[in-house]
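Engineer: When you get a sec, could you give me coordinates for this:
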Amino acid sequence: MMAPVFAHGQLRLYLLALLESGPKHGYELITALSDRFGGTYRPSAGTIYPRLARLEEEGLVTRYDEERKSTYALTEAGYAELQARRGDLADLEQGIAETVRERASQVRDDVRGAMHGLRADLAAAAQQARDQAVHAPHPDPHASSHVHRVEAEQLLSRFRDEVRAELRRADAAGQVERLTVDTMRTVLDSALAAVRSTLR
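Structural biologist: Presented below is the predicted three-dimensional model:
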């Protein structure tokens, strides 16, 4: 389980820092945070909007409602708070950089662990198939190979269609991150190596 990203009060400060470059919608702030963490962390709306409301109550941000969207901007008091806490913000940025490295490393380890398990499962399934083949009547190997190839291609086609659908859904919501691409590359490379090992 990954440790919390922000200590008490740090997210509040970082939201002020993100608004320094100009007014933003809540969704833009969520996306900016996700980008800063390389996709390893994406805060929920339930995390961001209550903090924005609190900042508004404190007079540090102001909210403009337009076309069912709320835009948040720093007030003069918000700028003053940010200026007074530049040292804290610098420490926070350094902590975020370390957190990103740690979370990315953990994600890579989790993916490697999952791929190791997948390779082991595939190897066990291949061995079981070989054992069954030894004790079963021997049909025409070419006919059997063709049936299995067609089944494998159907599985591959279904996988491709489902992943494409998920990617398009996520892309429509602006949620496809660099981490998604890196994870897919790792997963697919490992899966290809595992499948090749059963074809030798």
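
Engineer: Residue 24: how many residues sit nearby?
Structural biologist: Neighbour count of residue 24, defined by other Cβ atoms under 10 Å: 18. Heads up, the C-betas are built off the backbone N, CA and C, glycines and all.

Engineer: need the contact list for it.
Structural biologist: Residue 24 sits next to 18, 32, 71, 72 when contact means Cβ atoms under 8 Å, 6 or more residues apart in numbering.

Engineer: Just the element for the third one, please.
Structural biologist: In other words, residue 71. strand 69-74 (DSSP states H and E).

Engineer: Need the residues that contact that strand.
Structural biologist: Here strand 69-74 makes contact (Cβ under 8 Å, 6+ apart) with 16, 19-20, 22-26, 29, 52, 55-56, 60-65, 82.

Engineer: hmm, 10 Å instead?
Structural biologist: Outside strand 69-74, the residues that touch it by Cβ atoms under 10 Å, 6 or more residues apart in numbering are 15-29, 48-49, 52-53, 55-56, 60-65, 78, 80-82.

Engineer: For this protein, which element, helix or strand, carries the lowest mean pLDDT?
Structural biologist: Within the chain, confidence by mean pLDDT, DSSP states H and E is lowest for helix 86-135 among all helices and strands, at a mean of 72.

Engineer: What is the neighbour count of the closest residue in space to residue 64 that isn't next to it in sequence?
Structural biologist: Leaving aside its sequence neighbours, residue 64 sits nearest to residue 71 (Cβ to Cβ, 6 or more residues apart in numbering; 4.6 Å). Using other Cβ under 10 Å, residue 71 is surrounded by 15 other residues.

Engineer: do residue 175 as well
Structural biologist: Neighbourhood size, residue 175 [other Cβ under 10 Å]: 15.

Engineer: average pLDDT across stretch 53-66?
Structural biologist: Stretch 53-66 shows an average pLDDT of 93 in the prediction.

Engineer: which residues touch that stretch?
Structural biologist: With Cβ under 10 Å, 6+ apart as the criterion, stretch 53-66 contacts 12, 15-16, 19, 23, 25-26, 51-52, 70-82.

Engineer: Flag every buried residue along it.
Structural biologist: For stretch 53-66, the neighbour count (16 or more other Cβ atoms under 10 Å) marks 55, 56, 60, 61 as buried.
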